[in-house]
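Undergrad: Need a 3D model of the sequence below.
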Amino acid sequence: MSWDDAVAAALVGTERRPEPVAADGPLADVLPRDATPEWSLLRLAGGLAVLREAGRRPERIADLPAPAAPDEREPCPPGARARLAALLDLPDRRWLLAEWLGLLVETGCAPPAEHLPAMLHVLSELVRVPSFPEDEVRTERERSLGQFANDVDDPSLLADRALIRTAWSGHPYGHDVTGTRASVGGFGRQDAVDFHAAHFGPRPAHLFVVGAVDPDEVAGQIEEAFDSWADGPRTGVEVPAPGGVSRGGTVVVVDRPEQTQSQVRLAGPAYRRGAPVQFAAQVVNVTLGAGFTSRLVREVRVKRGLSYGVGSAFDTLRAGGLFSVSSFTKVETTGRLLSVMRKEVDRMRKRGPTKAEVEKAQRYLAGLFPLRTETNESLAAVLADMALYGLGDDWLDRYRDRVHAVSRAEAQEAAAAYCFPEPPLTVVVGPAERLRPQLERFGPVEVLSADDVL
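TA: As a prediction, this is how the structure comes out:
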């Protein structure tokens, strides 16, 4: 049996046959005949952390009113379980398990929890001693470079990349995690090896297992799987606090002469994730631009028809954050759109939300929060955020209370602090020659090419 056939057999519970393809189980129709498993390290590691059981939720958040959503994915077919048990006896069982689990998660089936110990051993190998095969590094490098070629034709993506790169210029947050053409083009296997050695280790790492498991048993299994993991950095990376937003008051245009629409972004500095002002700021954001009934939607879309979509958001990280407003419109109405956007942000900064708007936003935020923890995957993500950003062990338990505790005065203070008290950075993607006369009244205009952004 070939490598691909062994993996496919584990997945669908049958040996594939050349002609015709005959397979038992619900996955036979969705597994490509010529599929070659090429799952990246992060996709496998992320898949290995998934453990779900219908209707189950850890006791620590049992007081949340929303019940856990049932797991509607197909159960692991019995035949696939039997094949997996056989494959685990093979010399390359751990690689086979990784490929099997990656395919299982990708096709929407629930991984069998009884194989958690084996999954932990695979995860341990992936994080302790990844091999970074040269051919896979080369393949990923070529894929990334090919994606950059596609990104040139995505004006929304160009606007987002230009905003991050410009706003955080000179700060680590300005380094797009996908890299640039230059950095990816020069990336080799040794770069991956060096990065792993510098940043992966047991001391700064966290592991979260969420599901219908016994904590004491899982603790023993984790200790067995990771006991040999040593060395590595003593602490995680310390990110310096950013010194505000670079080039505030400037208008940066990414020139795309062929575009008939323009993408528009405004940005200013915000708070770090978990700062005390976070709850008041979120109340402000919901009122201003984080919902279909927000002020920005009403003024930009409903009243004036300038765009189908407009919104605001706080993008907060461990050392700082951004407050941004985004939209798009026809090239000839770009200046008008910017005027309306800035006017609404100015009005929020000066007056804040009304008492009725505060109460409405509180109901929205408090009601939405349980949905963020209704599955084991989403709960694990929240727990990881709590650890990464130092949110405190009571973050889940007190979240809704903190939302309801926001007063109108606190919301007004947050609006005054973050709704562009200083001129914001403006980023526009579109034909620079046609846009410049509309944009010069908002600040000095700088023109970039798409290559400057990518």
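
Undergrad: okay, CA-based contacts and neighbour counts for the rest of this
TA: Fine.

Undergrad: From residue 346, how far off is residue 290?
TA: 17 Å (Cα to Cα, to the nearest Å).

Undergrad: same check, this time on residue 162
TA: 24 Å.

Undergrad: Likewise for residue 165?
TA: 25 Å.

Undergrad: Neighbour count: these two, which is higher?
TA: residue 165 (20 against 17; other Cα atoms under 10 Å).

Undergrad: Isn't that one up against residue 174?
TA: Yes: if you go by Cα atoms under 8 Å, residue 165 and residue 174 touch, sitting 4.6 Å apart.

Undergrad: could you pull out the strands for the stretch 351-454 of the chain?
TA: Ranges of strands in the stretch 351-454 of the chain, per DSSP state E, counting those that start in this stretch, are 425-430, 445-448.

Undergrad: highest average neighbour count across these?
TA: strand 425-430 (a mean of 28; mean count of other Cα atoms under 10 Å).

Undergrad: what packs against it?
TA: Counting contacts by 3 or more Cα pairs under 8 Å, 6 or more residues apart in numbering; DSSP states H and E, strand 425-430 packs against helix 155-167, strand 251-255, strand 261-270.

Undergrad: Can you say which of the ones you listed is nearest to residue 447?
TA: strand 251-255 (4.8 Å; Cα to Cα).

Undergrad: if we can go back for a sec, shared neighbours of residue 165 and residue 174, anything?
TA: Counting by Cα atoms under 8 Å, 6 or more residues apart in numbering, residue 165 and residue 174 have no shared contacts at all.

Undergrad: Quick check: end-to-end length of stretch 238-246?
TA: By Cα to Cα, the extent of stretch 238-246 from end to end equals 21 Å.

Undergrad: where does it sit relative to the chain's centre, distance-wise?
TA: 21 Å (Cα atoms, centre = their mean, to the nearest Å).

Undergrad: What of stretch 342-360?
TA: A distance of 28 Å separates the centroid of the chain from that of stretch 342-360, by Cα atoms, centre = their mean.

Undergrad: Could you do stretch 126-145 as well?
TA: 21 Å.

Undergrad: do stretch 352-363 as well
TA: Worked out by Cα atoms, centre = their mean, stretch 352-363 lies 28 Å from the chain centre.

Undergrad: What residues sit buried inside it?
TA: Residues of stretch 352-363 classed as buried under the neighbour-count rule (16 or more other Cα atoms under 10 Å) are 352-354, 357-359, 361-362.

Undergrad: what residue ranges in the stretch 101-250 of the chain are flagged as low confidence?
TA: Counting by pLDDT under 70, the stretch 101-250 of the chain shows low-confidence ranges at 101-112.

Undergrad: okay, the residue nearest to the spatial centre of the chain: pLDDT?
TA: Note on the chain: the residue nearest the mean C-alpha position is residue 381, at 10.2 Å, using Cα atoms, centre = their mean. On pLDDT, residue 381 comes in at 88.
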